[in-house]
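Novice: What shape does this take:
(one chain, ligands or ions: 1)
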Amino acid sequence: MVTPVAFPDPPLLNSAGVHEPWALRTIVELDCGDGLVGLGETFGDAPHLDRVRRAAAALVGTDPFDLAAVRRAVAGDHTPRADGQDPVARVFAPFEVACLDVQARAAGQPVHALLGGKVRDRVAFCAYLFYKWAAHPGGDPDGFGAALDPDGLVAQARLLVDRHGFGSIKLKGGVFEPAAEVEAIQALRAAFPDHPLRLDPNCAWTTGTSAKVAAATAELLEYLEDPTPGIEGMAEVARAARMPLATNMCVVRTGHLRPAFTQGAVGVVLADHHYWGGLRACADLAAVCRAWGVGVSMHSNSHLGISLAAMAQLGAALPELTYAADTHTPWQDGVDVVTEPLSIVDGAVTVPDTPGLGVTLDRDRLGRLHEQYERCGIRVRDDTAYMRTVDPSFRKLRPRW
Ligand SMILES: O=C([O-])C(=O)C[C@H](O)[C@@H](O)C(=O)[O-]
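Specialist: Okay, here's the model as predicted:
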């Protein structure tokens, strides 16, 4: 069964616009008919949902232990997109996770056992900071409020660190002038002297600006993520930067690995099973990174507890995961589709050893979030990036470089 859901997303800002009012996801249940049900979670925009629904129909009767057959069934008529992303990988991913959940439940083992076994009991996640507008009156139950300057971000970081014990911090930048974002990093460093810091403007800068930011934050960042678009641009910045550059934007499929690594464009790749084609594809990616001496971290979009569980299972089994993973979980304010979501305590998720992914679908919660999806409107459902645009004058509120 394929169920689209919508849940409230706070007004978090990035270079593309502002989150809010809704984040969309698609929940996949793979029912094997004998009480064995596997779970997967993926993106929720209408074109992707349509592909996932067609794949689900094509999968009926396929053996969940035969992942090659599952992939063939899912592949259908999907063709690679002009932007270089591979829709088969994206569509296969939630089914691969659901099949692994089924296989693991059938074997009475956790998913990490199918990925080669656990190399750690706890998977570290980082505090994911956003410039943020205040929520609408009455819509700020989690108390985060606005964060539009360094003080606001430090307060936001303090709340996240106090609540979840995060041991590292990432700022989503590309919102204001680069100089303002450097100031924010300096303020975070002063407030959190021992926390590794990252800055990610989602390719908002030229190579020249990126090099200036890299110089200004040389002693402050563990990595600078996707400062500028493209492998060539990243390679140019990497030659000037003292810290590693990380990416989830210029290395998003296998064909990007060789050019990126031979040009020295990136020092860290952020794996994301939702678009690399599942958990095993990310393990393959990590092994390639190891061979090239490139680090591995993990990327996230707004997501729910099935994805968090899948990330935790993967993180448990990846020796190469030496950086804390991204997660939007704290921004979802406890909203979920699983009965007992995994929690982030002391900056990490304790990886379940129970059979499967270690989470159970809550039908009532799923039903409620599906009703929200039905109500949230066609404009939101069709928007592949889920972002509202921001008046450009807003971005000039902060000083120029
Ligand atoms: O590079 C990243 O970490 C992302 O793009 C993750 C998210 O989509 C982030 O930008 C967001 O949620 O606004």
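Novice: C-alpha only now, for contacts and for neighbours.
Specialist: Noted.
Novice: what's the span of stretch 35-47, first residue to last?
Specialist: Start-to-end span of stretch 35-47 (C-alpha to C-alpha, to the nearest Å) is 31 Å.
Novice: what comes up buried for it?
Specialist: By neighbour count on 16 or more other C-alpha atoms under 10 Å, the buried set for stretch 35-47 is V37, G38, L39, G40, E41, T42, F43, G44, D45, A46.
Novice: Tell me the one among these nearest to the ligand.
Specialist: For those, the residue nearest the ligand by C-alpha to the nearest ligand atom is F43; the value is 11.1 Å.
Novice: Restricting to the buried residues of stretch 35-47, which residues neighbour the ligand?
Specialist: Filtering the buried residues of stretch 35-47 for neighbours of the ligand using C-alpha under 6 Å from any ligand atom leaves an empty set.
Novice: so of those residues, which ones are in helices?
Specialist: A46 (DSSP state H).
Novice: Next, the contact list for the residue of the stretch 1-150 of the chain found nearest the ligand, please.
Specialist: Taking C-alpha to the nearest ligand atom, the ligand has its nearest neighbour within the stretch 1-150 of the chain at N14, 5.1 Å off. By C-alpha atoms under 8 Å, 6 or more residues apart in numbering, N14 lies in contact with F130, Y131, K172, G173, G174, V175, P201, N202.
Novice: Which positions in the stretch 301-401 of the chain make contact with the ligand?
Specialist: N301, S302.
Novice: Looking at the stretch 301-401 of the chain, which residue is nearest the ligand?
Specialist: N301 (4.4 Å).
Novice: Which of the helices or strands spans that residue?
Specialist: N301 is part of no helix or strand when elements are defined by DSSP states H and E.
Novice: That one contacts W331, doesn't it?
Specialist: No. Taking C-alpha atoms under 8 Å as the definition, N301 is not a contact partner of W331, at 10.8 Å.
Novice: Relative to A271, how far out is the closest residue to T42 other than its chain neighbours?
Specialist: Using C-alpha to C-alpha, 6 or more residues apart in numbering and skipping the chain neighbours, the partner closest in space to T42 is T26 (5.2 Å). Using C-alpha to C-alpha, T26 is found at 20 Å from A271.
Novice: do R253 as well
Specialist: 10 Å.
Novice: And A104, by the same measure?
Specialist: Noted for A104: a distance of 22 Å to A271, by C-alpha to C-alpha.
Novice: Of these two, give the one with the bigger neighbour count.
Specialist: A271 (26 against 22; other C-alpha atoms under 10 Å).
Novice: Next, the contact list for A325, please.
Specialist: Neighbouring residues of A325 by C-alpha under 8 Å, 6+ apart: V123, A124, F125, C126, S297, M298, H299.
Novice: now these in TSV, with distance to L366, neighbour count and secondary structure?
Specialist: Listed next are the contacts of A325 as TSV, based on distance: C-alpha to C-alpha, whole Å; neighbours: other C-alpha atoms under 10 Å; DSSP: H, G, I helix; E, B strand; the rest coil:
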residue	distance to L366	neighbour count	secondary structure
V123	26	25	strand
A124	27	25	strand
F125	25	29	strand
C126	27	27	coil
S297	30	22	strand
M298	26	24	strand
H299	24	19	coil
